[in-house]
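A.B. asks: curious how this folds, go ahead:
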Amino acid sequence: MGLNGAITLYTDGACLGNPGPGGWAYILVTENGRIEESGGEPLTTNNKMELIGAIEGLAATPLGSDVIVYTDSEYLRNGMTSWTATWQRNGWRTSGGTPVKNRELWQALLELAGRRRVRWRWVRGHAAEHQGGDALNHRTDELARAAAKSFAIDRGAASSS
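C.D. replies: Numbering: from 1, shown residues only. The predicted structure follows:
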């Protein structure tokens, strides 16, 4: 559990090549224990996997819950804490006037976050605990990478048959 009884959610995404086989993962820590989930796609981008990890994780939390989301993705944190408000005002266009990439995923994430009290926290990624890293962030990264690798193996087997 997080601060003041909040649910703690760690999310991550990984991609082998960008685009390439990708994986997402989340770890949910509640008063009842810890839940680890992961999945992926055979051809995707790292940004999509970061968003899907957060979507899947938030979807696993009860409506109205207080959730602290930990991510090592500046893309995800900045998107949810500042960029999406501007994109919405601009009709889902960037400051350069181009359509926002992954709009449908951002919209799904905003919908889920809007039905919960969500706080977004950035953690340093890809660092061991003794280097100032976070153990659950590290574990979430392992899960996302393993999922991406499983799709790379599946894709390799499919292309060689």
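A.B. asks: and the lengthiest helix in the chain, which residues are buried?
C.D. replies: Longest helix in the chain by number of residues (criterion: DSSP state H): helix 135-160. Buried residues in helix 135-160, defined by neighbour count with 16 or more other C-beta atoms under 10 Å: 136-141, 143-145, 147-148, 150-152. C-beta: built from backbone N, CA, C; applies to glycine.
A.B. asks: so what does it touch, helix or strand wise?
C.D. replies: strand 7-15, strand 20-30, strand 33-44, helix 46-59 (3 or more C-beta pairs under 8 Å, 6 or more residues apart in numbering; DSSP states H and E).
A.B. asks: next one: the second one to chain centre, how far?
C.D. replies: Same thing as strand 20-30. Between the centre of strand 20-30 and the centre of its chain there are 7 Å (C-alpha atoms, centre = their mean, to the nearest Å).
A.B. asks: pick the most deeply packed of the helices and strands packed on helix 135-160.
C.D. replies: Highest mean neighbour count among the helices and strands packed on helix 135-160 (mean count of other C-beta atoms under 10 Å): strand 7-15, with a mean of 27.
A.B. asks: who does it touch, helix- and strand-wise?
C.D. replies: strand 20-30, helix 46-59, strand 66-71, helix 135-160.
A.B. asks: turn these into a markdown table, including distance to residue 38 and mean pLDDT.
C.D. replies: Converted to a markdown table, the helices and strands packed on strand 7-15 look like this (distance: least, C-beta to C-beta, whole Å; pLDDT from 0 to 100):
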| stretch | distance to residue 38 | mean pLDDT |
| --- | --- | --- |
| strand 20-30 | 4 | 96 |
| helix 46-59 | 8 | 98 |
| strand 66-71 | 15 | 96 |
| helix 135-160 | 4 | 81 |
